[in-house]
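**Q** Need a 3D model of the following:
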Amino acid sequence: MFEQVKAIICSNFDVKEKDVKPGAELSKDLGINSLELADLVLACEEEFDIEIEDKAVKKLITVQDIVNYIEKVK
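**A** Numbers count the residues shown, from 1 in each chain. You can find the predicted model right below:
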């Protein structure tokens, strides 16, 4: 799951693979702004065939948060 999320982040944003770690903060460490976060959410929804609720998006701070959410709803 982590590897799939990592691949989405690297292919959609200008982020190096080595920088994407479970504890990496999307905004602070990876430079993903709020508009890009919306794109990331859409990409994850499409990839994993899930729906990420708006209130959940606000809690997605790290890469691991995304992985945990996907694993919870899958």
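
**Q** buried stuff in the helix or strand containing residue 70?
**A** Element membership for residue 70 (DSSP states H and E) is helix 63-73. Within helix 63-73, the residues that qualify as buried are 63, 65-67, 69-70, counting by 16 or more other C-beta atoms under 10 Å. (C-beta placed from N, C-alpha, C; glycine too.)

**Q** quick one: which of the residues you listed is nearest residue 16?
**A** Of all the buried residues of helix 63-73, residue 16 sits closest to residue 63, with 13.3 Å by C-beta to C-beta.

**Q** ok, now which ones touch the nearest residue to residue 60 once chain neighbours are set aside?
**A** Nearest non-adjacent residue to residue 60, counting by C-beta to C-beta, 6 or more residues apart in numbering: residue 66, 5.5 Å away. Neighbouring residues of residue 66 by C-beta atoms under 8 Å, 6 or more residues apart in numbering: 5, 26, 40, 44, 60.

**Q** same deal with residue 6?
**A** Each residue near residue 6 by C-beta under 8 Å, 6+ apart is listed here: 17, 20, 63.

**Q** Burial check on the second one, number of neighbours?
**A** Per other C-beta atoms under 10 Å, the neighbour tally for residue 20 reads 21.

**Q** Pull out the buried positions in the one helix or strand residue 6 maps to.
**A** Taking DSSP H and E as the definition, residue 6 sits inside helix 2-12. Under the neighbour-count criterion of 16+ other C-beta under 10 Å, helix 2-12 has 5-6, 8-10 buried.

**Q** the inter-axis angle of it versus helix 63-73?
**A** Angle of helix 2-12 versus helix 63-73, following axes from the mean of the first three to the mean of the last three C-alpha atoms, to 10 degrees, is 120 degrees.

**Q** quick one: helix 2-12 to chain centroid distance?
**A** 8 Å (C-alpha atoms, centre = their mean, to the nearest Å).

**Q** Pretty sure residue 19 sits against residue 32.
**A** No - between residue 19 and residue 32 there is no contact under C-beta atoms under 8 Å: 11.0 Å.
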